[in-house]
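S.K.: 3D model of this:
(chains A, B and C)
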Amino acid sequence: MPELPEVETIRLSLLAPLTNRRITGSAIGAFPGVIGAMDWSMFEQGVRDRTIQGIRRRGKYLLIELDDESGIEVHLRMTGNLTLLPAEVDPVRFEYLVITLDDGQTLRYSDQRKFGRVLFHPAVDRSWMAAKLGPEPLTPAFSSAYLERKLRGRTAAIKALILDQRIIAGVGNIYADEALFRSKIHPLQPGGSLTVAEISSLVRSIKHVLRMGVENRGTSFSSYRDGYGESGANQFRLRIYGRGRSGEPCTRCRGPLTIVEAGGRSSHVCLRCQPLRMIEGAGSGARERQRR
DNA sequence: CATTACCTGCAA
DNA sequence: TTGCAGGTAATG
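M.R.: Residues are numbered from 1 along each chain as shown, chains lettered A, B, ... in the order given. The predicted structure follows:
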């Protein structure tokens, strides 16, 4: 479940210890697919003796920049973890890649479900990820004017649209539910039916919940930890995510919470606070007409 | 546009 | 034993 705040927390925790460190070697574990289709020798030779210049983040992607224009791209997907540990420490559970540094530390990539990837790119251009990802939500480029433009005419559920990384980079299921709840918008509301006021509120809510997530060093529900293996604290600050399943009432109106499916994933919603407004002639309306 | 595949631990 | 967790690529 690492989303933008979790990935940013990992980046911040690893930035100082990795910067200016030379990579002295690397080792692959029981799941060679972790580095993608590339031959292991290519990866190993590519990173060896390179010095780490910095770590960038775009959406949920990390890029460990090396001193020759190459870079190591990391996507944690669901259960990936990057952990900095002394070389003598035994392998952690599900450890599939180890990068050894010149100061006796090692960067370990572990991943229970093997969804994540650690890719070596021999040449990283300045537009890294630009074609695949929308604007960073915590920059001015993500504005209500921008989101209005993106939502205009769209019949898909607003939740599906804000989970679309081409529209906003870095929002996942947890922060999407939190932002929609704060802005009192039903996850299934067609994107194009949102009012200007709702869009402006949603943009502010997305920025707010992501900033809060970063301030609290991420949401640790299951496997997420920062680069030192430490849990975050944002799970205690969530207003709706996960509460529907445990039968808790709405934190705003004390009414019942519901779980609906939106954007292909479970979404926590308070139907009292986030009523669904039906729109004449919208996509779902056309489908209902067919049924009759 | 929505749905499925990819994975595995864990709760029901 | 079943189904759910969910980010993304591939598929319909």
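S.K.: hey, let's count contacts and neighbours off CA atoms from now on
M.R.: Noted.
S.K.: Any part of the longest helix anywhere in chain A near DNA strand C?
M.R.: What stands out as the longest helix in chain A, according to DSSP state H, is helix A:196-215. No. On the criterion C-alpha under 7 Å from any atom of the strand, helix A:196-215 is out of touch with DNA strand C, staying 13.2 Å away.
S.K.: which other helices and strands contact that helix?
M.R.: helix A:4-18, helix A:144-151, helix A:173-182 (3 or more C-alpha pairs under 8 Å, 6 or more residues apart in numbering; DSSP states H and E).
S.K.: closest one to residue A:166 among the ones you listed?
M.R.: Closest to residue A:166 of the helices and strands packed on helix A:196-215, according to C-alpha to C-alpha: helix A:144-151, at 10.1 Å.
S.K.: tilt between that closest one and helix A:196-215?
M.R.: Orientation of helix A:144-151 against helix A:196-215 (axes from the mean of the first three to the mean of the last three C-alpha atoms, to 10 degrees) gives an angle of 110 degrees.
S.K.: In this structure residue A:266 contacts residue A:245, no?
M.R.: No. At 10.2 Å, residue A:266 does not count as touching residue A:245 under the criterion of C-alpha atoms under 8 Å.
S.K.: anything in contact with each of those two?
M.R.: Residues touching both residue A:266 and residue A:245 by C-alpha atoms under 8 Å, 6 or more residues apart in numbering: residue A:259.
S.K.: neighbour-wise, which of those two wins?
M.R.: Using other C-alpha atoms under 10 Å as the criterion, residue A:266 and residue A:245 rank with residue A:266 on top: 16 against 11.
S.K.: which residues does that one bridge with?
M.R.: Note on residue A:266: beta-bridge partners by DSSP bridges are residue A:261.
S.K.: count of neighbours near the nearest residue to residue A:198 once chain neighbours are set aside?
M.R.: Leaving aside its chain neighbours, residue A:198 sits nearest to residue A:183 (6.9 Å; criterion: C-alpha to C-alpha, 6 or more residues apart in numbering). Neighbours of residue A:183 under the rule other C-alpha under 10 Å: 21.
S.K.: for residue A:183, what are its contacts?
M.R.: By C-alpha under 8 Å, 6+ apart, the neighbours of residue A:183 are A:198, A:201-202, A:205.
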